[in-house]
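>>> Here is a sequence with its predicted model. Questions after.
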Amino acid sequence: MKKPRAVLDTNVLVSALLSPSGNPARIYRMFLTGMLVLIFSEEILAEYHEVLYRPRLCIPADDAGEVLDAIRRCGEQVEPEIGTDYMPDEDDRKFYDAAKYAGAYLVTGNTRHYPKEPFIFTPTEFIDMQK
């Protein structure tokens, strides 16, 4: 069976680290155990870095570093072209373009920030689809 490929919006990655029993954490564990290919671009990784190290999130620096190292080492890096599709929130274009370019799912807690597309799922929808 082919492994699913997904781009994780930053909110999903943060939720995975802050709530280890939730669906975002389940998705991140799928990546860590090789059941999911995590797609990223340099721009996505830069946002992950900026957000994971925010003091108000209280994510230990060692944990943030390990997450970023795992993504860089085991994920699949893409260099998508900047798309022209309408985006309700342009800051989220990098995730949308990477998923669309890679033919991957986009998993986000903020579906309203994206166009209505069949490849965009909430963490719960993504987990349910894997059953």
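It's in.

>>> what about the strands in the protein?
Ranges of strands within the chain are 5-8, 37-40, 76-77, 105-107, 120-121, based on DSSP state E.

>>> Any regions of this structure where pLDDT drops low?
By pLDDT under 70, the low-scoring segments of the chain are 1.

>>> can you give me the helices in it?
Using DSSP state H, the helices of the chain run over 10-18, 23-32, 42-52, 61-74, 93-102, 123-129.

>>> What residues of the second one count as buried?
Residues of helix 23-32 classed as buried: Asn23, Pro24, Ala25, Arg26, Ile27, Tyr28, Met30, Phe31 (neighbour count, 16 or more other C-beta atoms under 10 Å). Yep, even glycine has a C-beta here, placed from its N, CA and C like the rest.

>>> orientation of that helix relative to helix 61-74 in degrees?
Helix 23-32 and helix 61-74 are oriented at 50 degrees to each other (axes from the mean of the first three to the mean of the last three C-alpha atoms, to 10 degrees).

>>> Redo the strands of the chain as CSV? Include distance to Ser19 and mean neighbour count.
Below are the strands of the chain laid out as CSV (distance: least, C-beta to C-beta, whole Å; neighbours: other C-beta atoms under 10 Å):
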stretch, distance to Ser19, mean neighbour count
strand 5-8, 14, 25
strand 37-40, 19, 22
strand 76-77, 26, 14
strand 105-107, 15, 26
strand 120-121, 18, 20
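
>>> Export the ones you listed as CSV, with columns for distance to Asp92.
Below are the strands of the chain laid out as CSV (distance: least, C-beta to C-beta, whole Å):
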stretch, distance to Asp92
strand 5-8, 10
strand 37-40, 14
strand 76-77, 19
strand 105-107, 9
strand 120-121, 10
